[in-house]
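**Student:** Sequence and predicted structure, then a few things I'm wondering about:
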Amino acid sequence: MQHILGLLSQPITFLKQDVVIGAINIIYPLYAGGVRIHGIKLAKIAKQDAKEALRLKKLASFEELASIYYGALLAKEVLEVLNQTTDGARLHYQNALNLEKSGQVAHLEVLIAQVALDKATNKQKEASNASHIAFLALDSALSTPNVAPTSALSLLDKPLKDESYFIEKTLASYPIISSLDLKIDAATQAKKLAFGAFMPQVVAFSNYIFHDNQKSLLIQAMPTFSVGVGARISLLSPTARVQKYQVAKLSELEAQSLKSQAIKELTLLTQKTYAQANYLKEEYKSLKSSVELASENLKLQQNAFKQGMATSTQVIDAQNSLQAALIEQKTSAYKAILSLAKLFALSDEVEEFYAYLP
């Protein structure tokens, strides 16, 4: 036994020289529980969602630019109205001076006319400053200095389409709804992706073994090439796959709930915007008669003052009434234009917006 144990303590030599052996292993997944397929779909959904986000940004930028652009126009036209009021107040003051010299009016009438001129001049300066600031904001928004808008604050007398048309267009094309549809699809794919953790994984594999050229039986008995199919399924997993699948299902339900809520809110918003746009269009149209009345009244009061049949206060009141009517009309046009811009942005028909402007 001592002799045998001594032999076992020595290396057993099978070959008389070193052997160099190498191997190449190739593994190709055939089925991974749908992980690859659903992962590719999620990537495509993310790409489309980015496009919808960009489209939403463009519509929001359109509304913002419309507000800045027509806000500058409003400031410009209000300044023009106040310029006309100041010119009228100056003319009335000169008439009052001339009538005082001829003894037709008292000095009190001249003082009243002078106070009105001073107030009109102050309002004119305030409006000039507001117009300057509004155009600075427009230049900044367009990144272009000294922008000179050629539009006017007016609307064409063109009726809007039915409310149902705008609601249908909004729900069919507004980016928020499209984005929520994509989120539902993404949640569905994520649920399928999470379920893939329960499925078996199947792979195809091949091995190629190479070695230096030897004629020993051991080396010659080693296979040089092999192929096969392997499968693996996990019965127990520390990756919380059940919880991940449940979270994915909840995310899908949450996305569906968000879409339902968004549909209700967008429907209500479209209805409110449509009603507001219609009302403001009609209000702008009705204010034309107020402007005409105030203009005629001013002419009558000015002529009456020259003939000594009206006071400075009556003329100034008539000037203020015309000024208020003009500013109200232009403000109404501004609000109506912004409502139309919002309505057509909601329905994703920006080009139709310009059909209501002269």
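**Tutor:** Done, it's in.

**Student:** Strands of this protein, start to end?
**Tutor:** Counting by DSSP state E, one finds strands in the chain at the ranges 21-31, 201-211, 225-232.

**Student:** Point out the one among those that comes closest to Leu153.
**Tutor:** Evaluated over these, closeness to Leu153 peaks at strand 21-31, with 65.6 Å, by CB to CB. From N, CA and C alone the C-beta is placed, and that goes for glycine too.

**Student:** now for that closest one, which elements pack on it?
**Tutor:** strand 201-211 (3 or more CB pairs under 8 Å, 6 or more residues apart in numbering; DSSP states H and E).

**Student:** again, 10 Å this time
**Tutor:** Using 3 or more CB pairs under 10 Å, 6 or more residues apart in numbering; DSSP states H and E, the elements in contact with strand 21-31 are helix 35-101, strand 201-211, strand 225-232.

**Student:** What's the separation between the residue nearest to Ala345 when sequence neighbours are not counted and Ile37?
**Tutor:** Leaving aside its sequence neighbours, Ala345 sits nearest to Leu59 (CB to CB, 6 or more residues apart in numbering; 4.6 Å). Per CB to CB, to the nearest Å, Leu59 is found 34 Å from Ile37.

**Student:** Who are the contact partners of Leu136?
**Tutor:** In this structure, Leu136 makes contact with Ala72, Pro145, Val147, judged by CB atoms under 10 Å, 6 or more residues apart in numbering.

**Student:** Apply 7 Å and report the result again.
**Tutor:** If you count contacts by CB atoms under 7 Å, 6 or more residues apart in numbering, Leu136 has none.

**Student:** Could you report the separation of the closest residue to Tyr28 other than its chain neighbours from Tyr274?
**Tutor:** Using CB to CB, 6+ apart and skipping the chain neighbours, the partner closest in space to Tyr28 is Ala204 (4.9 Å). As judged by CB to CB, Ala204 and Tyr274 stand 61 Å apart.

**Student:** More neighbours: these two, which one.
**Tutor:** Neighbour comparison, Ala204 and Tyr274: the larger count goes to Tyr274, with 25 against 13 (by other CB atoms under 10 Å).

**Student:** I figured that one was touching Glu163, is that so?
**Tutor:** Yes. Using CB atoms under 7 Å, Tyr274 is in contact with Glu163, at 4.9 Å.

**Student:** Any regions of the stretch 101-250 of the chain where pLDDT drops low?
**Tutor:** 195-200, 210-223, 235-243, 245 (pLDDT under 70).

**Student:** what comes up buried for stretch 289-297?
**Tutor:** For stretch 289-297, the neighbour count (16 or more other CB atoms under 10 Å) marks Ser290, Val291, Ala294, Asn297 as buried.

**Student:** For the second one, give me its contacts.
**Tutor:** Val291 makes contact with Ala325, Leu326, Gln329 under the criterion CB under 7 Å, 6+ apart.

**Student:** The nearest residue to the second one once chain neighbours are set aside: neighbouring residues, count only.
**Tutor:** Put plainly, it is Leu326. Nearest residue to Leu326 in three dimensions, chain neighbours excluded: Val81, at 4.6 Å (CB to CB, 6+ apart). Neighbourhood size, Val81 [other CB under 10 Å]: 20.

**Student:** let's number from 34 now, not from 1
**Tutor:** Happy to do that; since the first residue is 34 now, the last one works out to Val114.

**Student:** how close does Val114 sit to Pro391?
**Tutor:** Distance, Val114 to Pro391, using CB to CB: 19 Å.

**Student:** swap in Leu89?
**Tutor:** Leu89 is 30 Å from Pro391, by CB to CB.

**Student:** neighbour count winner among these two?
**Tutor:** Leu89 (17 against 7).

**Student:** check contacts around the residue nearest to that one when sequence neighbours are not counted.
**Tutor:** Leaving out its chain neighbours, the residue that sits closest to Leu89 by CB to CB, 6+ apart is Pro208, at 3.8 Å. Applying CB under 7 Å, 6+ apart to Pro208 gives the contacts Glu85, Arg88, Leu89, Leu92.

**Student:** sorry, back to before: among the helices and strands packed on strand 54-64, which is the most enclosed?
**Tutor:** Neighbour counts (mean count of other CB atoms under 10 Å) averaged over each of the helices and strands packed on strand 54-64 peak at helix 68-134, with a mean of 17.

**Student:** And that helix, what does it pack against?
**Tutor:** Applying 3 or more CB pairs under 7 Å, 6 or more residues apart in numbering; DSSP states H and E, one finds that helix 68-134 contacts helix 140-175, helix 208-228, helix 345-379.

**Student:** most tightly surrounded among those?
**Tutor:** With neighbours defined as mean count of other CB under 10 Å, those peak in mean count at helix 345-379, which reaches a mean of 21.

**Student:** Now do it and helix 140-175, the angle between them.
**Tutor:** With axes from the mean of the first three to the mean of the last three CA atoms, to 10 degrees as the basis, helix 345-379 and helix 140-175 are set at 20 degrees to each other.

**Student:** tell me what helix 345-379 is packed against?
**Tutor:** The helices and strands touching helix 345-379, judged by 3+ CB pairs under 7 Å, 6+ apart, are helix 68-134, helix 140-175, helix 274-339, helix 383-386.

**Student:** could you dump these to CSV with distance to Ile60?
**Tutor:** Below are those laid out as CSV (distance: least, CB to CB, whole Å):
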stretch, distance to Ile60
helix 68-134, 15
helix 140-175, 57
helix 274-339, 23
helix 383-386, 54
